[in-house]
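Trainee: Sequence and predicted structure below; questions after.
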Amino acid sequence: MAVAESSRPVRSERPAVEVEGLVREFGTFRALDDVSLTIREGEFFSLLGPSGCGKTTLLRIIAGLDLADGGVVRIGGVDALSIPAHKRPVNTVFQSYALFPHLSVRDNVSFGLRMKNVPAAEAGPRLQRALEMVQIQQFADRKPAQLSGGQRQRVALARALVNEPKVLLLDEPLGALDLKLRKELQVELLTLQRRLGITFIFVTHDQEEALVMSDRIALMRAGKIEQLGEADMIYERPRTRFVSQFLGSCNLFAGKAAGRDGDALVVETALGKLRAEGYGCSAEARVEFTLAIRPEKLYLTAPDSENAQGENRVPVVVKQLIYIGSETHYLLDANGHELITYAMNARVGSQGFDIGQSAVAYLPAAALVVLED
Amino acid sequence: MKKAQPTRAIRYGELLTRGGQRLRSAMTSGWGIAWVTLFLLVPLLGIAWISFMTRGTYGEIQWPATFANYQRLLGFGVLGFDSQYPTIILRSLVLGGGATLVCLIAALPLSFFIAGQPEGRKQIALTLVVIPFWTNLLIRTYAWQILLGQDSVLARLAVGLGLAEVGRPLYPSAFAVYIGMLCAYLPFLVLPLYTAVEKLDWSIAEAAADLGANRVQVFRHAILPQLLPGMVAGILLVFIPAIGQFVIPDLLGGAKTVMLGNAIQQQFGPSRDWPFGSAIAFVGMAVVMLGLWINTRVTAAKGEEGML
């Protein structure tokens, strides 16, 4: 996809939004439990997590649409919690768009300019630029009810961006759209963000969307940040079971420390002794581990091939296979333990293994991650 | 090219022949149409006709046809210009408009208050709003005479607070009239307005605040447009009957002023001048129609979605 190739511009390390020890309680329910994070200027930052994890609450507190019960939020270095929503240098794209139904597209987009009494000489060109930016000039005189979902989405975006906010907050803006349109708008949104250099804070529950778009992701769970980092780091080096399962799928199995081998930990598991190189320093002190490996990082070879010999080789039997065109997904039985692997169907013709066939799975030490829980 | 009339139609999954459709219409809406025609349209035409007739010496309705009734109503009587009837019309309009305004001012915060209550208390609050309906209008109005009377608690309180002069009672007065009107018509405004408040999409208010609107601007640009349909319905429900109201101004205003309603009753009753009474009734109706027409024009200009 074009997005993956797009160069990531050099960004300053200056913080756009700083959140420290943020707490929000609804009755006895802790929606945000001591959340701290720093979002850098010009960064595309995603808050990812299942529904009810607090990601929208965090966004609303930054926008000034919800109160915090404790903690600090600074926007551009300025304490924001005591500033009312209409004076904060941020704008929001709402999940339901929340367009003004009685106003035309043009009046919707220029609303912020009118509220701030921007002089007409400046407001006119800014409005025009915003309409052109998301290609809605031709609908400028329509009412929101006369627009399609994708067009409304664009209006909501233009209405926020026309104010030239320091930070743009997006609350699942693509959630209501069908898959194809969603993919299109993902690319469009990302291109726009790169061009404008505005900090985007993007709330989503869609892990793929977060991976495609974000510079960094904060994966949230039950009001806490489970892991925060660059998109590929979160995927390649999940910290916990939850992260490994929420972002993509993962093979997990338990093991006990059996010693060290240079840079790697040697772990005794139901599949035999495995060498794992992916671990943090906290793992060294423990005895029991959960190991994780992504299905696509696990290789399947024939028992008689030369690849079947060496470390981290596990004999398996193919239990089930799902052919999906570009790849085949195998469900394997390894000593009573289930493993999943994805194999690219790179060759023409027969793709290797049938149900009931014996094979050897290779779990590269570099791909084996030791989880913290 | 003219299309052939379809002989059958499917309506909500039901297959109907043309004759069946006609029969269905006649059986359902036919009764209502017949009723309205017989007991509203025909008498109305009768009144229209009478309003152009002449009053006989003993109050009969007789020829010749004349515009004299309408001329007299507009102030051009046989004895030169007389502002009595134009004043009555104006006074009724002011009373209707004033009562509507008072009700609106009271109903707006009340609607938001009720909508903000927990589910159980909402029902109680709405019942309390509707309770005055269970009492006869006359009894309610007489009750206000007592409540606002010279030695009543309210009167003493008003004097004590310096809101009223000693010896000048709260009733009869314009204040008492508007209290009575408020009491009589408030539910008509609260109920549609409350429904509109319940249906408010608050995310639009949040969007307005997010875009830099202060409290007043949020109300003006994000909330008021959403309330408008309910508000207009409520205003019409109050304004129309309030124009014709004469019992409350009589009982609480001291029966010193004549309203449109008094005038009509006067002409059909003691004065036995049915042609003139008909003319007053018709002008009153015309005023209401004019109001309705302006309202539809205003809402139409805002577009179909404008009223959302």
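Mentor: Noted; the coordinates are in hand.
Trainee: give me phi/psi at the closest residue to A:Lys224 other than its chain neighbours?
Mentor: Closest residue to A:Lys224 apart from its sequence neighbours, by Cβ to Cβ, 6 or more residues apart in numbering or on different chains: A:Asp33 at 5.1 Å. Glycine gets a C-beta too; all of them are placed from N, C-alpha and C. Per-residue torsions, A:Asp33: phi -120, psi 90 (degrees, to the nearest 10).
Trainee: my guess is A:Asp33 contacts A:Ile225, does it?
Mentor: No. Applying Cβ atoms under 8 Å as the test, A:Asp33 and A:Ile225 come out as separate, 9.5 Å apart.
Trainee: what bits of chain A have low per-residue confidence?
Mentor: Scanning chain A with the threshold set as pLDDT under 70 gives A:1-12, A:279-285, A:349-351.
Trainee: Show me where the chain has its helices.
Mentor: As the question left the chain open, I've gone with chain A. Along chain A, the segments classed as helices by DSSP state H run A:2-5, A:55-63, A:105-109, A:111-115, A:120-133, A:149-161, A:179-196, A:207-213, A:231-236, A:241-246.
Trainee: I was after chain B.
Mentor: If you assign secondary structure with DSSP H, the helices in chain B sit at B:18-36, B:42-50, B:68-73, B:84-115, B:119-130, B:137-147, B:153-160, B:174-198, B:202-210, B:215-218, B:224-244, B:247-253, B:260-268, B:274-301.
Trainee: looking at the ones you listed, which is closest to A:Ala156?
Mentor: Ranking these by distance to A:Ala156, with Cβ to Cβ as the measure, places helix B:202-210 first at 8.4 Å.
Trainee: hey, C-alpha coordinates of that closest one in CSV?
Mentor: Written as CSV, here are the backbone C-alpha positions of helix B:202-210 (Å, rounded to 0.1, in the frame of the first residue of the first chain):
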residue,chain,number,x,y,z
TRP,B,202,-26.2,16.9,22.4
SER,B,203,-23.3,15.9,20.3
ILE,B,204,-24.2,18.9,18.1
ALA,B,205,-23.9,21.2,21.1
GLU,B,206,-20.5,19.6,21.9
ALA,B,207,-19.4,20.2,18.3
ALA,B,208,-20.4,23.9,18.6
ALA,B,209,-18.4,24.3,21.8
ASP,B,210,-15.5,22.5,20.2
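Trainee: Can you pull the phi/psi pair for A:Asp304?
Mentor: Here is the backbone geometry of A:Asp304 (degrees, to the nearest 10): phi -90, psi 0.
Trainee: Now for it, how many residues are close by?
Mentor: Neighbours of A:Asp304 under the rule other Cβ atoms under 10 Å in any protein chain shown: 8.
Trainee: Generate JSON lines for the helices of chain A, with mean neighbour count and distance to B:Gly277 as supplementary columns.
Mentor: What follows is these, written out as JSON lines (neighbours: other Cβ atoms under 10 Å in any protein chain shown; distance: least, Cβ to Cβ, whole Å):
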{"stretch": "helix A:2-5", "mean neighbour count": "9", "distance to B:Gly277": "80"}
{"stretch": "helix A:55-63", "mean neighbour count": "24", "distance to B:Gly277": "63"}
{"stretch": "helix A:105-109", "mean neighbour count": "24", "distance to B:Gly277": "50"}
{"stretch": "helix A:111-115", "mean neighbour count": "22", "distance to B:Gly277": "53"}
{"stretch": "helix A:120-133", "mean neighbour count": "15", "distance to B:Gly277": "57"}
{"stretch": "helix A:149-161", "mean neighbour count": "23", "distance to B:Gly277": "57"}
{"stretch": "helix A:179-196", "mean neighbour count": "16", "distance to B:Gly277": "67"}
{"stretch": "helix A:207-213", "mean neighbour count": "19", "distance to B:Gly277": "74"}
{"stretch": "helix A:231-236", "mean neighbour count": "18", "distance to B:Gly277": "83"}
{"stretch": "helix A:241-246", "mean neighbour count": "20", "distance to B:Gly277": "80"}
